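1. Pasting a predicted model and its sequence here:
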Amino acid sequence: MHNFQTTFMRGLTGVEVSMDFANSQIPKASTWDIYRRNYLENHIAALADTYSAVRDLVGEDYFRQLARAYVPTQSSRSADLNAYGAEFPAFLEREIAFLPSGENLPYLADMARLDWAAFHLMCGEAGASTWIADLQAMDERDWPRMKIDAAAHCLRSAVPVSDIWRMQQGEELAIDLSLPQAVLLTIRLDADGSLQVQLLTAREAQFLSHWFAGATLEQALESTCTTEGDHVDEELDVLAVLNRLAQAQAIRRLYLEDES
């Protein structure tokens with residue numbers, strides 16, 4: 001079975017293989033064409049569903065060119081095509097300059113990262129937030145050991161991802177592609193379930209990147225200050241950031257590092 005599956009997969013991706021289709025009334029070459037076309041179209045459709053911002057930015061035809069270039073490089077590793085496309089942002093970052101008109105699209109890889117994060121936030125399981133009760137149950141002396149289970153994603157970019165996203169929503173903006181921006185991505189469950197993109201300061205984004213990645217509050221603060229100076233940055237108001245996360249419905253729960 002393993003040999004059959006390996007051979008069939010090689011045939012799907014365009015490698016010439018010797019495999020007959022029993023009882024088929026269609027010539028072998030035509031049968032492979034059908035399989036390959038369906039395989040490609042299904043994967044392009046999955047990418048289009050996930051990377052809607054990228055598709056809207058470049059248009060349907062150009063997006064299909066990008067997808068056709070990507071699909072042969074990455075086969076699906078899951079029976080669920082919703083999981084397909086994790087490597088698409090890295091592919092764009094690596095290859096976009098070599099694709100037609102790609103030199104004009106230096107922002108596309110990070111917009112793909114925004115798409116991937118947003119798609120998985122929307123597909124995530126919604127659960128009741130316990131963060132207020134969690135915080136009330138903690139002794140303030142334990143706060144340095146506090147970790148966060150975030151229903152959010154922090155994206156730091158060398159391009160103005162917030163401005164590009166806002167432009168996509170219909171705002172008229174002058175875009176400066178040399179402007180780095182960082183954003184907090186959340187889903188407003190009490191509204192229409194739409195994606196919310198909030199601009200972060202560089203310091204806020206640095207702190208949240210560490211905290212969201214599993215650091216304790218103390219470790220996240222130390223990492224932030226160590227990278228950009230050895231003193232505590234008074235402009236980073238942790239309680240204000242926590243309140244901002246709460247308003248954005250970005251917190252599922254708060255817990256101590258020795259808790260599961």
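-> That came through fine.

2. ok, then the element right after the host helix or strand of residue 49?
-> In this assignment (DSSP states H and E), residue 49 forms part of helix 28-50. With elements assigned by DSSP H and E, the helix or strand that comes after helix 28-50 is helix 52-58.

3. Give the buried residues for that following helix.
-> Within helix 52-58, the residues scored as buried using 16 or more other C-beta atoms under 10 Å are 52-55, 57-58. For every residue, glycine as well, the C-beta is placed using N, CA and C.

4. What lies in contact with stretch 111-123?
-> 49-54, 57, 82, 85-86, 88-89, 92, 151-153, 155, 157, 161, 164-165, 183, 185-187, 193, 195, 197 (C-beta atoms under 8 Å, 6 or more residues apart in numbering).

5. let me redo that: stretch 42-62
-> Outside stretch 42-62, the residues that reach it (C-beta under 8 Å, 6+ apart) are 63-64, 66-68, 70-71, 76, 81-82, 84-85, 88, 92, 100-101, 105, 108, 111-112, 114-116, 118-119, 164-165, 168.

6. related to what we said a few turns ago, take the buried residues of helix 52-58 and write them to CSV, including pLDDT and distance to residue 242.
-> Supplementary listing: these in CSV, determined by pLDDT from 0 to 100; distance: C-beta to C-beta, whole Å:
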residue, pLDDT, distance to residue 242
52, 94, 31
53, 94, 29
54, 96, 32
55, 96, 35
57, 94, 34
58, 95, 38
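
7. Nearest to residue 204, out of the residues you listed: which one, please.
-> residue 53 (22.6 Å; C-beta to C-beta).

8. can you tell me how far that closest one sits from residue 167?
-> Residue 53 sits 11 Å away from residue 167, taking C-beta to C-beta, to the nearest Å as the criterion.

9. picking up where we left off before, tell me the buried residues within the contacts of stretch 42-62.
-> Buried among the contacts of stretch 42-62 (16+ other C-beta under 10 Å): 63-64, 66-67, 70-71, 84-85, 88, 92, 105, 108, 111-112, 114-116, 118-119, 164-165.

10. For the stretch 1-150 of the chain, just list every one of the helices.
-> For the stretch 1-150 of the chain, the helices defined by DSSP state H, counting those that start in this stretch occupy 2-12, 28-50, 52-58, 60-70, 88-95, 108-123, 131-137.

11. Which one of those lies nearest to residue 246?
-> Closest among the helices of the stretch 1-150 of the chain, using C-beta to C-beta: helix 131-137, at 6.9 Å.

12. Who are the packing partners of that closest one?
-> strand 251-256 (3 or more C-beta pairs under 8 Å, 6 or more residues apart in numbering; DSSP states H and E).

13. No more questions from me, cheers.
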